[in-house]
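Peer 1: Kindly generate the corresponding structure for this input.
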Amino acid sequence: MASFTSILSDVGNALKKFFGGAVKVATAAEPFVDALFPGVALLYNSVLAEVGKAETAAIAAGQQNGTGAQKLALVVQAVAQQFPQYTPSQLEIIINGVVAGLNAIPAATAPATAAKPAAPPPTS
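Peer 2: Numbering: from 1, shown residues only. Presented below is the predicted three-dimensional model:
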């Protein structure tokens, strides 16, 4: 039976893989965001990067659950330095929107493997 620590480690690693994949998908969407909302792509990409950093730090610390407010505060602080024209309240709305988009991306699953055909019966 797996220990509680190894189960937590597995959960943390799975979240890390999912979040890394979600950030890659969201980053790939940046040109579309830029085309549909000119001038917002830089903010969007910055938010993605900072959310990724905050989530990775929480996973590394084993505190990925229940730390949303702390992660949001870290991201707001980092993004506010890059985009001082936005108030913290505006940034919270933007960040929460980006995170909601990330959360809407389904987790990647391993492709199903085809069943191997049964071995032919022995011949006599």
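Peer 1: Which element, helix or strand, includes residue 122?
Peer 2: Under the criterion of DSSP states H and E, residue 122 resides outside all helices and strands.
Peer 1: residues near it, how many?
Peer 2: The tally of other residues near residue 122 (other Cβ atoms under 10 Å) stands at 5. (Each C-beta comes from the backbone N, C-alpha and C, glycine too.)
Peer 1: check contacts around it.
Peer 2: Contact partners of residue 122, counting by Cβ atoms under 8 Å, 6 or more residues apart in numbering, are absent.
Peer 1: And residue 83, by the same measure?
Peer 2: Residues in contact with residue 83 (Cβ under 8 Å, 6+ apart) are 43, 46, 91.
Peer 1: Then residue 92?
Peer 2: When contacts are counted by Cβ under 8 Å, 6+ apart, residue 92 touches 72, 76.
Peer 1: Can you classify it by secondary structure?
Peer 2: Under DSSP: H, G, I helix; E, B strand; the rest coil, residue 92 falls in the helix class.
Peer 1: about what we covered before: let me have the contacts of residue 83 in JSON lines, extended by distance to residue 98 and pLDDT.
Peer 2: Shown next, in JSON lines, are the contacts of residue 83 (distance: Cβ to Cβ, whole Å; pLDDT from 0 to 100):
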{"residue": "43", "distance to residue 98": "9", "pLDDT": "90"}
{"residue": "46", "distance to residue 98": "10", "pLDDT": "90"}
{"residue": "91", "distance to residue 98": "10", "pLDDT": "95"}
